[in-house]
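In: I need the structure of the sequence given here:
(one chain, ligands or ions: 1)
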Amino acid sequence: MLHSDFLPTSYSANLRNTYWDLFQYACNRVEAFCPCNKLRVEIRHVLDGGPNWSLKQNPEGSSFATIKVPVTHDDHGVIFHEVFHSAFHFSPLWRDHKNIKWGDAFCDAFRYILEKEKSLNSVFVGDMEAWMHKPDTEVADESIQNTNQGNELFTYKPYGSRILNACDPSAYYASFLSIWDERNANPSHSLETYFNL
Ligand SMILES: [Zn+2]
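Out: Purely as a prediction, here's the structure:
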């Protein structure tokens, strides 16, 4: 993507450059993560708004993605979450896509990892760590409660926190890939069972 096609609005050069650097960082991490490039959905446009990730189709049937992120001075990590949608869509991690919580939970786990790497220390990181300290049984109960309340954004952190707890902190990417491989090999693989929920 050309820098000129990235957030082409009236933000300050500093803020645009901050987001551009974080976007490039996340794309490089996704490249390192994906065992097969064809699983990655190319991101063609980054716009202000959302946040969301949306799949688009070219006339000949190939896919690309557009992401929207709210451009703010204090919550930069959301772009990591949105970039990771391009890694898990069409992947074994996405197999339960009808159950959106796991897809967004993987995006939140990826966001957490990258925010720690970049020392962003946002409210998001603090909230995620609070969830990571809760026992599985309590998280399972609270997740169900939150789901019932229809608070969709909030429901991702309980599941993301289980992903992060189950992954070796010194080898997050290897841990993700191991889950990826297990799900590739086993059609009945259950993320609920894997993460004790
Ligand atoms: Zn998402």
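
In: how close does the residue nearest to Leu15 when sequence neighbours are not counted get to the ion?
Out: Distances taken as Cβ to Cβ, 6 or more residues apart in numbering place Val71 nearest to Leu15, at 6.4 Å, with adjacent residues excluded. C-beta: built from backbone N, CA, C; applies to glycine. Taking Cβ to the ion, to the nearest Å as the measure, Val71 falls 17 Å from the ion.

In: How about Lys118?
Out: According to Cβ to the ion, Lys118 and the ion sit 19 Å apart.

In: and that residue, how many neighbours?
Out: For Lys118, the count of nearby residues is 15 (other Cβ atoms under 10 Å).

In: which residues does Ser63 contact?
Out: Shown in contact with Ser63 (Cβ atoms under 8 Å, 6 or more residues apart in numbering): 41-42, 55-57.

In: Give me the pLDDT value at the residue nearest to Leu15.
Out: Note for Val71: predicted pLDDT of 87.

In: Surely Lys134 is in contact with Ala140?
Out: No - look at Lys134 against Ala140 with Cβ atoms under 8 Å: they stay out of range, at 9.8 Å.

In: Quick one: neighbours of Pro135, just the number.
Out: Neighbour count for Pro135, taken as other Cβ under 10 Å: 9.

In: Then Phe90?
Out: 16.

In: swap in Arg95?
Out: A count of neighbours around Arg95, defined by other Cβ under 10 Å, yields 17.

In: related to what we said a few turns ago, which residues are in contact with the residue nearest to Leu15?
Out: Counted by Cβ under 8 Å, 6+ apart, Val71 has contacts 7, 9, 11, 15, 19, 48.
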